[in-house]
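Engineer: How does the following fold in three dimensions:
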Amino acid sequence: QVQVVESGGGSVQAGGSLRLSCQISGRTFSIYTGWFRQAPGKGREFVASITSSGGRTDYTDSVKGRFTISRDSAKNTVYLQMRSVKPEDTAVYYCATGYGGGILSYASSFRFWGQGTQVTVSS
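Structural biologist: Numbers count the residues shown, from 1 in each chain. Sure thing, here's the model as predicted:
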């Protein structure tokens, strides 16, 4: 059984920083692990992904230069460091693993999801 648990969300003012954590447990290997987000009334949007080795990272254009995805393999944890946050970053952030192939930025490419953590950015 694979479990994905996000933490670290909260309220922050625009321009501030926040670090999200994604703890993965269970017997699974995934080439990619990703972060997605969903704002009220919108679909689930790809934010960033990282390979199992940490050697490759990908970001959606709107967060490039502000967000950094990283991982600590010893702790089976993937992080999303958010800096210079904006009100439009407000969303529920989800961690996803169990990449099954397909387009990396598609939510359907990942099998296992966490329950999400709310990030609210005030102006």
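Engineer: Secondary structure element holding Ile69?
Structural biologist: Using DSSP states H and E, Ile69 falls within strand 67-72.
Engineer: which helices and strands sit right next to that strand?
Structural biologist: strand 44-51, strand 57-59, strand 77-82 (3 or more CB pairs under 8 Å, 6 or more residues apart in numbering; DSSP states H and E). Where C-beta positions appear, they are placed from N, C-alpha and C, glycine not excepted.
Engineer: Dump those strands to JSON lines, plus distance to Phe36, mean neighbour count and mean pLDDT.
Structural biologist: Listed next are those as JSON lines, based on distance: least, CB to CB, whole Å; neighbours: other CB atoms under 10 Å; pLDDT from 0 to 100:
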{"stretch": "strand 44-51", "distance to Phe36": "5", "mean neighbour count": "20", "mean pLDDT": "97"}
{"stretch": "strand 57-59", "distance to Phe36": "12", "mean neighbour count": "16", "mean pLDDT": "97"}
{"stretch": "strand 77-82", "distance to Phe36": "10", "mean neighbour count": "22", "mean pLDDT": "98"}
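Engineer: closest one to Ser21 among the ones you listed?
Structural biologist: Closest to Ser21 of these, according to CB to CB: strand 77-82, at 5.6 Å.
Engineer: Heading C-terminal from that closest one, find the next helix or strand.
Structural biologist: Using DSSP H and E, the helix or strand that follows strand 77-82 in sequence is strand 91-99.
Engineer: Which of the residues in the helix or strand just after that next one are classified as buried?
Structural biologist: Remark: after strand 91-99, the chain's next helix or strand is strand 110-113, criterion DSSP H and E. Residues of strand 110-113 classed as buried: 110, 112-113 (neighbour count, 16 or more other CB atoms under 10 Å).
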